[in-house]
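Q: Predicted model follows, preceded by the sequence.
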Amino acid sequence: MRCVVWVVASCVAAVPARADDWGMGEANRKIPQTNIFTTVSTPGDEVNTLAFFVLAITAVIFVIVAGLLVYSVVRFRGRPGDDGREPPQVYGSNPVELAWTTVPILIVFVLILTTARTIYTVQAAPRPPGAIGVHVVGHQWWWEFQYPDLGIVSANELHVPVSDPQHPTPTFLDLESADVAHSFWVPRLAGKTDLIPNKKNSMWIDPHEPGTYLGQCAEYCGTEHALMLLRVVVQPRDDWERWVAAQQQPAAQEAAVTRGRAVFESTACINCHTVRGTVASGRFGPDLTHLMSRATLGAGVALNTPDHLKIWLRNPAVMKPGARMPAMNLAENDLDALVAYMATLR
């Protein structure tokens with residue numbers, strides 16, 4: 001039943017209506033959309049196969065029942081010249097009753113076995129050597145990705161290497177929530193997994209094709225639930241290792257943006273955000289050490305450009321009503337200096 005609900009829910013998934021307002025429309029048209037029928041990861045393939053199997057069985061049942069109904073309507077409809085009397089009535093039939101009891105039991109039994117096999121394949125998969133471990137934390141309304149073995153913290157964009165089916169290198173995700181219930185969902189990679197406060201859930205993916213795969217929170221979690229977006233960037237192994245090396249470096253420092261850094265360190269920014277190599281060590285908001293290496297701002301609400309960054313820093317609620325980040329009310333020259341500094345955080 002859960003699989004059927006997963007299929008139906010995914011068919012109505014859509015890109016948020018405000019995406020075009022901040023330049024995301026064109027970007028989304030260039031990226032493969034959230035299509036569960038073109039999965040590229042083993043967990044997604046397993047759920048997809050089960051979903052098609054269930055749909056096939058229900059389609060056969062529908063055709064048989066609808067066919068019998070149409071036959072009965074046509075065969076036994078009233079005709080001119082009928083005398084109005086009821087036809088002979090049949091009260092009970094052992095073969096019919098045996099059939100409509102036995103067949104559903106067999107169908108349910110088959111569905112139980114196939115569902116149990118799929119659940120076991122997905123949830124009991126062993127963690128092989130070389131697997132990547134990522135700790136995912138859901139916040140209102142953004143995603144935090146921690147790579148404990150690599151010393152990396154990112155936000156809203158999960159980078160993983162391609163997994164060669166001959167030599168699998170899956171990525172195992174531990175998921176938890178920092179506030180309310182969320183749900184991690186990247187349709188082409190795996191089914192939905194909930195993030196529950198004070199509970200840790202887990203899942204894994206092993207993407208077979210490089211690319212950018214879209215996802216979002218699939219559990220209503222408040223005002224900006226629809227814009228709690230995420231991207232999974234699947235890279236060839238060499239490209240992923242270069243990304244890891246870049247993320248492990250401290251934030252770039254340039255003399256031309258010294259004033260902007262001073263503005264950053266003198267505001268409440270440092271209480272919520274971290275920039276390695278500075279006094280900023282907050283944990284409430286996303287790690288900004290490599291902010292400009294990400295494609296979007298505000299968990300997918302806008303493309304990550306200096307112009308959009310300036311709008312976001314002036315007042316995040318203009319882009320994302322209900323965002324927890326307050327307006328900093330900076331003077332225009334201070335705001336320009338801050339944007340110039342943050343544009344160097346690559």
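A: That came through, no problem.

Q: alpha carbons only for contacts and neighbour counts from here, please
A: Noted.

Q: can you give me the strands in the stretch 151-300 of the chain?
A: Listed in chain order, the strands of the stretch 151-300 of the chain (DSSP state E, counting those that start in this stretch) span 152-155, 157-161, 171-177, 182-185, 193-195, 201-205, 211-217, 229-235, 296-297.

Q: could you dump those to TSV with mean neighbour count?
A: What follows is these, written out as TSV (neighbours: other Cα atoms under 10 Å):
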stretch	mean neighbour count
strand 152-155	22
strand 157-161	23
strand 171-177	21
strand 182-185	24
strand 193-195	22
strand 201-205	19
strand 211-217	22
strand 229-235	22
strand 296-297	22
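
Q: need those strands in JSON lines with distance to residue 113 and mean pLDDT, can you?
A: Formatted as JSON lines, the strands of the stretch 151-300 of the chain follow (distance: least, Cα to Cα, whole Å; pLDDT from 0 to 100):
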{"stretch": "strand 152-155", "distance to residue 113": "39", "mean pLDDT": "89"}
{"stretch": "strand 157-161", "distance to residue 113": "33", "mean pLDDT": "93"}
{"stretch": "strand 171-177", "distance to residue 113": "26", "mean pLDDT": "94"}
{"stretch": "strand 182-185", "distance to residue 113": "25", "mean pLDDT": "94"}
{"stretch": "strand 193-195", "distance to residue 113": "22", "mean pLDDT": "93"}
{"stretch": "strand 201-205", "distance to residue 113": "21", "mean pLDDT": "92"}
{"stretch": "strand 211-217", "distance to residue 113": "30", "mean pLDDT": "91"}
{"stretch": "strand 229-235", "distance to residue 113": "32", "mean pLDDT": "92"}
{"stretch": "strand 296-297", "distance to residue 113": "43", "mean pLDDT": "86"}
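
Q: out of those, nearest to residue 123?
A: Among the strands of the stretch 151-300 of the chain, the nearest to residue 123 by Cα to Cα is strand 201-205 (7.2 Å).

Q: So which elements touch that closest one?
A: Applying 3 or more Cα pairs under 8 Å, 6 or more residues apart in numbering; DSSP states H and E, one finds that strand 201-205 makes contact with helix 42-75, strand 171-177, strand 193-195.

Q: Now distance to residue 326 too, for these, in CSV please.
A: Below are these laid out as CSV (distance: least, Cα to Cα, whole Å):
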stretch, distance to residue 326
helix 42-75, 38
strand 171-177, 22
strand 193-195, 26
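
Q: about what we covered before: mind checking the strands of the stretch 151-300 of the chain for the one nearest to residue 91?
A: strand 193-195 (50.1 Å).

Q: ok, back up a step: make JSON lines out of the strands of the stretch 151-300 of the chain and add distance to residue 289.
A: Shown next, in JSON lines, are the strands of the stretch 151-300 of the chain (distance: least, Cα to Cα, whole Å):
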{"stretch": "strand 152-155", "distance to residue 289": "9"}
{"stretch": "strand 157-161", "distance to residue 289": "14"}
{"stretch": "strand 171-177", "distance to residue 289": "22"}
{"stretch": "strand 182-185", "distance to residue 289": "24"}
{"stretch": "strand 193-195", "distance to residue 289": "25"}
{"stretch": "strand 201-205", "distance to residue 289": "26"}
{"stretch": "strand 211-217", "distance to residue 289": "22"}
{"stretch": "strand 229-235", "distance to residue 289": "18"}
{"stretch": "strand 296-297", "distance to residue 289": "14"}
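
Q: how about those, which one is nearest residue 92?
A: Closest to residue 92 of those, according to Cα to Cα: strand 193-195, at 47.6 Å.

Q: And for that closest one, what's in contact with it?
A: With contact meaning Cα atoms under 8 Å, 6 or more residues apart in numbering, strand 193-195 is reached by 137-138, 175-177, 181-185, 201-203, 219.

Q: Just give me the closest of those to residue 161.
A: Distances from residue 161 to those, taken by Cα to Cα, are shortest for residue 203, at 16.2 Å.

Q: What's the separation between the spatially closest residue to that closest one that is not a sequence neighbour and residue 329?
A: Using Cα to Cα, 6 or more residues apart in numbering and skipping residues adjacent in sequence, the residue nearest residue 203 is residue 173, 5.3 Å away. Using Cα to Cα, to the nearest Å, residue 173 is found at 38 Å from residue 329.

Q: again with residue 212
A: 35 Å.

Q: same thing with residue 75?
A: 78 Å.

Q: Show me what the host helix or strand of residue 134 pairs with in its sheet, parallel or antiparallel.
A: According to DSSP states H and E, residue 134 maps onto strand 132-139. Using DSSP bridges, the strands paired with strand 132-139 in its sheet are strand 142-147 (antiparallel), strand 171-177 (parallel).

Q: For residue 88, grab the count of nearby residues.
A: Look at residue 88: counted by other Cα atoms under 10 Å, it has 6 neighbours.

Q: Quick check, pLDDT for it.
A: If you check residue 88, the pLDDT there is 76.

Q: which residues touch the residue nearest to residue 203?
A: Contacts of residue 173 by Cα under 8 Å, 6+ apart are 133-136, 202-204.

Q: Try it again at 10 Å.
A: The contact partners of residue 173, taken as Cα atoms under 10 Å, 6 or more residues apart in numbering, are 132-136, 145-147, 201-205.

Q: Residue 76 too?
A: Neighbouring residues of residue 76 by Cα under 10 Å, 6+ apart: 70, 87.
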